[in-house]
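Chemist: when you get a sec, could you give me coordinates for this:
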Amino acid sequence: MRVLIVEDNETFAEILSQKLGESGFDSDTATTARQAHEAIRAVEYAAIILDLGLPDSDGLFLLRQLREERHATPVLITTARNSLEDRVKGLRSGADDYLAKPFSIDELIARLRALLRRPGILLDDVLKAGNVSLAIDSRQVSVAGRILTIRLRETILLEILMRHHGTVVPRRYFEAQLFGIEGEQETNTVDVYIHRLRRQLQDADADVKIHTIRGVGYMLASMTTGVSEDAARERSL
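Modeler: Residues are numbered from 1 along each chain as shown. From the prediction side, this is the model:
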């Protein structure tokens, strides 16, 4: 699950990115409102951590712009502005939560998880598809109760597939979630990860299968579900 950190203090952003990584979140960093807007257009983020004191624009202006453009991504404001008036202004501008500096990064991560557990966001503690389970916090994958050893990249792909169970996930979505705004040079990287993951699930007797939809992407579906490519394309993201 990938989040965007909008913060002009690069040292703090790097520390926050590291802590988020330890908690199971991938992240990109933008140091200006312009960079943030470009990143949001390119990648579908689970949440945005937004500082208000940006060098090229007030963060509230960026927030209002995003809401006017119908971006519903949860936004957690982090700022030194800690008056009641500032909090009210931030929430009225479309923020989902507001955290005044200085704060504990552990508290920020706890609030971020709380945001993502709200109805419609669905940060479940455990994802399930058939006899496959994925524990979000520990990144532990099991099939019929037996724990598998799966690399981080494949685990991220599995999480994406399980969250969109029965729906085709385009290749570009996988690339954005894996590599963020930095992109990836090798065009077949996602294919390699999918191949490894598919083999591991098959060897563990999973009762779900990863289907390749040529020219589109991939879909996780029950072994008993017949999937035609035309029907699958209609169910793409």
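Chemist: now do the strands in this structure.
Modeler: 2-6, 26-30, 47-51, 75-79, 97-100, 126-129, 132-135, 140-143, 146-148, 169-170, 208-213, 217-222 (DSSP state E).
Chemist: pull the CA atoms of the last one into CSV?
Modeler: Right, the one you point to is strand 217-222. Output in CSV follows, covering the C-alpha atoms of strand 217-222 (Å, rounded to 0.1, in the frame of the first residue of the first chain):
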residue,chain,number,x,y,z
GLY,A,217,-3.2,-7.0,-16.7
TYR,A,218,-3.9,-9.7,-14.1
MET,A,219,-6.8,-11.0,-12.0
LEU,A,220,-7.1,-13.2,-9.0
ALA,A,221,-10.0,-15.6,-9.1
SER,A,222,-11.3,-18.9,-7.7
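Chemist: residues of that strand that come out buried?
Modeler: 217, 218, 219, 220, 221 (16 or more other CB atoms under 10 Å). Yep, even glycine has a C-beta here, placed from its N, CA and C like the rest.
Chemist: show residues contacting it.
Modeler: 129-130, 161-162, 164-174, 194, 207-213, 227, 232, 235-237 (CB atoms under 8 Å, 6 or more residues apart in numbering).
Chemist: please identify the pairing partners of it and their relative orientation?
Modeler: Looking at strand 217-222 with DSSP bridges, its partner strands are strand 169-170 (antiparallel), strand 208-213 (antiparallel).
Chemist: re the thing from before, among the contacts of strand 217-222, name the buried ones.
Modeler: Applying 16+ other CB under 10 Å to these, the neighbour count classes 129-130, 161-162, 164-165, 167-169, 171, 173-174, 194, 208-213, 227, 232 as buried.
Chemist: circling back to that earlier point, reformat the strands of the chain as JSON lines; add distance to residue 198.
Modeler: Formatted as JSON lines, the strands of the chain follow (distance: least, CB to CB, whole Å):
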{"stretch": "strand 2-6", "distance to residue 198": "22"}
{"stretch": "strand 26-30", "distance to residue 198": "22"}
{"stretch": "strand 47-51", "distance to residue 198": "29"}
{"stretch": "strand 75-79", "distance to residue 198": "36"}
{"stretch": "strand 97-100", "distance to residue 198": "38"}
{"stretch": "strand 126-129", "distance to residue 198": "14"}
{"stretch": "strand 132-135", "distance to residue 198": "12"}
{"stretch": "strand 140-143", "distance to residue 198": "13"}
{"stretch": "strand 146-148", "distance to residue 198": "13"}
{"stretch": "strand 169-170", "distance to residue 198": "14"}
{"stretch": "strand 208-213", "distance to residue 198": "5"}
{"stretch": "strand 217-222", "distance to residue 198": "9"}
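Chemist: export these to a markdown table and tack on mean pLDDT and distance to residue 117?
Modeler: Listed next are the strands of the chain as a markdown table, based on pLDDT from 0 to 100; distance: least, CB to CB, whole Å:
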| stretch | mean pLDDT | distance to residue 117 |
| --- | --- | --- |
| strand 2-6 | 95 | 14 |
| strand 26-30 | 93 | 19 |
| strand 47-51 | 95 | 11 |
| strand 75-79 | 92 | 13 |
| strand 97-100 | 90 | 12 |
| strand 126-129 | 88 | 13 |
| strand 132-135 | 92 | 15 |
| strand 140-143 | 94 | 19 |
| strand 146-148 | 93 | 25 |
| strand 169-170 | 92 | 22 |
| strand 208-213 | 94 | 24 |
| strand 217-222 | 93 | 22 |
